[in-house]
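Peer 1: Sequence below, structure please.
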Amino acid sequence: MNLSNRRLWLLGAIAITAIMIVTLLFAPANNKLNSGSTYNRAPDGYGAWYAFMSKRGIEMQRWQKTFADFAKNPEAKSSSTLLRIYSSSNPEAVSDTEENWVRQGNILVNLGVRASVSAAPFSTMHSASAGEIKIDTGRREAKYKKSVLGDDFGAIVWQKKLGKGIVYFAVAPHLAANAYQDFPGNYEFLARLVTRSEGEVPGIEGTEQALTLKLIQNSVDRQTQNQNKIRNKVWVDEYIHGYKDPEIIQREYGENLFTYLAKTPLLPILIQGIIILIVAIFAGWNRFGQPVTLSAPQVDNSEAYIQALAGVLEKANSTDFAVEIIGKAEQLQLQKSLLLGQASLETETLINAWAEQTGRKAAELEELLRSPSQKRRRLSDPDLLARLRKWEQIRQHLPSNRKE
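Peer 2: Residues are numbered from 1 along each chain as shown. Sure thing, here's the model as predicted:
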């Protein structure tokens, strides 16, 4: 294998491996469960917003365990925010464990809460202190809710105070998704919602909206405002998108990560990719040994001459010539075996010597020695083969070939 072919094999192996890795990394982006995940770089993901927050220096951390584990986490006991971006509409509900955690002075933000479809246009623009916000949903919640963002058709984002903390609900699951990178107001609005720095709550400009903002700000007591002068640590719930820590996988499935992956299509794909890569590397680097050039087989000139002569005689149908040549050669060999030398002997002398030493009938050998000179006829192929078998029988009865 020359150098160019070797490079081609290597590049092909690298390309196949890269395609498989990209497929494994980004295939979940098309999964409905992955919608809203900060690992997702598709239009419905939140990877860009996560990078936006990290660039600002906001302490962000992905959580890949259950909420019960989160509530026990010492780092999330107070002045923390948990952001949940649901893949599908989720009821406006808070469990007892969640409520207890929020009452300690924490913030829970739920995006993608179920609400009825109103008469509002699907796409609307809203002016807020965070900038222009684009909303792509006609769903609205009732007006009596403490709206943080809304219009005449109802609330888009609203809040519920629990003890020292607040729960925010939003009907728009894609409020700050990757598809809204051209609308900085959306990113800024969600950033203020989850950080709530110095007690600030993002609201809408205008008379009715300003009144709503005032109500929300008054609902946060002085102690909570003082606590929130320090920017909250923001946690993003990735557990709801199927991302789980190894200890959670073992707890839920009673197995390790490898056996968990063995039940998914990822492991066979990974194994196939490794096999293809290994084969390509061995083929490209000649790890099984250097290429061996096959040498031309050595030609036996005597055998080649005999084969050529036999072909010519067969085409010429010269069986009489073949019988004569074979008979002379066999006769000479017979003389040597009977210790009669190599000089030409009379036929009678050779026949008598053979009969005397072998104890066979003289007619057996006489038939072979005298036929060519007497009959001089062309033999058929079966007759020629029969004659060769007789010579073989003659040799078998020589003293040196007889079995004891």
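Peer 1: Please save the CA atoms from stretch 83-97 in CSV.
Peer 2: Output in CSV follows, covering the C-alpha atoms of stretch 83-97 (Å, rounded to 0.1, in the frame of the first residue of the first chain):
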residue,chain,number,x,y,z
LEU,A,83,-34.6,27.2,36.4
ARG,A,84,-36.8,24.6,34.8
ILE,A,85,-37.5,24.7,31.1
TYR,A,86,-40.1,22.0,30.3
SER,A,87,-40.2,20.3,27.0
SER,A,88,-44.0,20.2,27.0
SER,A,89,-46.7,22.1,28.8
ASN,A,90,-46.6,21.4,32.5
PRO,A,91,-49.4,22.1,35.0
GLU,A,92,-49.0,25.1,37.3
ALA,A,93,-48.2,23.1,40.4
VAL,A,94,-45.6,23.2,43.2
SER,A,95,-45.0,20.1,45.3
ASP,A,96,-44.6,20.2,49.1
THR,A,97,-40.8,19.7,48.7
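Peer 1: Renumber starting at 57 from here on
Peer 2: Got it, the first residue is 57 from now on, which makes the last one we talked about stretch 139-153.
Peer 1: buried sites along it?
Peer 2: Along stretch 139-153, these residues count as buried under the neighbour rule (16 or more other CB atoms under 10 Å): L139, R140, I141, Y142, S143, N146, V150. Every residue, glycine included, has its C-beta placed from N, CA and C.
Peer 1: in stretch 368-380, what's buried?
Peer 2: In terms of neighbour count (16+ other CB under 10 Å), stretch 368-380 has its buried residues at T375, D376, A378, V379.
Peer 1: Name the helix or strand for the third one, please.
Peer 2: Spelled out, it's A378. According to DSSP states H and E, A378 maps onto helix 375-393.
Peer 1: what does the helix or strand just after that helix contact?
Peer 2: Using DSSP H and E, the helix or strand that follows helix 375-393 in sequence is helix 403-414. By CB atoms under 8 Å, 6 or more residues apart in numbering, the list of residues contacting helix 403-414 from outside reads 387, 390-391, 394, 396, 416-418, 421-422, 425-426, 450, 453-455, 458.
Peer 1: Repeat the analysis, applying 6 Å as the threshold.
Peer 2: Identification of contacts with helix 403-414 by CB atoms under 6 Å, 6 or more residues apart in numbering yields L394, A418, L421, E422, L425, H453, P455.
Peer 1: Phi first, then psi, for the first one.
Peer 2: The one in question is L394. Backbone torsions of L394, given as degrees, to the nearest 10, read phi -90, psi 10.
Peer 1: Excluding chain neighbours, what is closest to it?
Peer 2: Of all residues not flanking L394 in the chain, A409 sits nearest, at 5.2 Å (CB to CB, 6 or more residues apart in numbering).
Peer 1: and if you look at the fifth one?
Peer 2: Nearest in space to L425, with sequence neighbours left out and distances taken as CB to CB, 6+ apart, is T403 at 5.2 Å.
Peer 1: how far away is the one you found from K190?
Peer 2: The gap separating T403 from K190 is 120 Å, by CB to CB, to the nearest Å.
Peer 1: Of these two, give the one with the bigger neighbour count.
Peer 2: Each of T403 and K190 has its neighbours counted (other CB atoms under 10 Å); K190 has more, 17 against 13.
Peer 1: Cheers, nothing more for now.
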